[in-house]
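J.: The amino acid sequence is not available; the structure is as follows:
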């Protein structure tokens, strides 16, 4: 069951409205991707261009096989939050699938510069490094602060 978080009046939502972002995250956790997209779209009505919502939508689009939509969502998230390691990481691998190695390489390098080794999953850091090596790029280390 979804727990509703209510934003205060200063947060831009009326009292009693559900937190559509949290609902979407919960639906993703349970594999209900199409329903999650509905919640994320409703969330964007309250907070247009919210980077975290756009990133979650990109993940969902990737899961359901809508790579072009996922690329657009990650790009929009990066417009709002250019230093998002998650958006750079996700976008890089979608671009690799499309054959855009140079652009993917740039996003992987940015991910490694922005990623904090103490916060990112080690498997994501290792995967990014291995992919850059396979692409013939020098590999930067993740930031420690």
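T.: That came through, no problem. Note that the structure is predicted; figures quoted are calculated from it, not measured.

J.: residues of whatever helix or strand residue 109 lives in that come out buried?
T.: Residue 109 is part of helix 101-114, with elements assigned from DSSP states H and E. For helix 101-114, a neighbour-count test (16 or more other CB atoms under 10 Å) marks 101, 104-112, 114 as buried. All C-beta atoms are positioned from the backbone trio N, CA, C, and that covers glycine.

J.: and if you look at stretch 64-83?
T.: Buried residues in stretch 64-83, defined by neighbour count with 16+ other CB under 10 Å: 66, 69-71, 73-74, 76-78, 80-81.

J.: Same list, those, but as CSV with secondary structure and distance to residue 95 please.
T.: Below are the buried residues of stretch 64-83 laid out as CSV (DSSP: H, G, I helix; E, B strand; the rest coil; distance: CB to CB, whole Å):
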residue, secondary structure, distance to residue 95
66, coil, 15
69, helix, 14
70, helix, 10
71, helix, 7
73, helix, 13
74, helix, 9
76, helix, 15
77, helix, 14
78, helix, 12
80, helix, 19
81, coil, 18
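
J.: Which two of those have the greatest separation?
T.: 66 and 81 (21.6 Å; CB to CB).

J.: residue contacts, the spatially most central residue of the chain?
T.: Central residue of the chain (CA atoms, centre = their mean): residue 55, 2.8 Å from the mean position. Contact analysis of residue 55 by CB atoms under 8 Å, 6 or more residues apart in numbering lists 73-74, 77, 84, 86-87, 90.

J.: average pLDDT across the helix holding residue 109?
T.: For helix 101-114, the mean pLDDT works out to 95.
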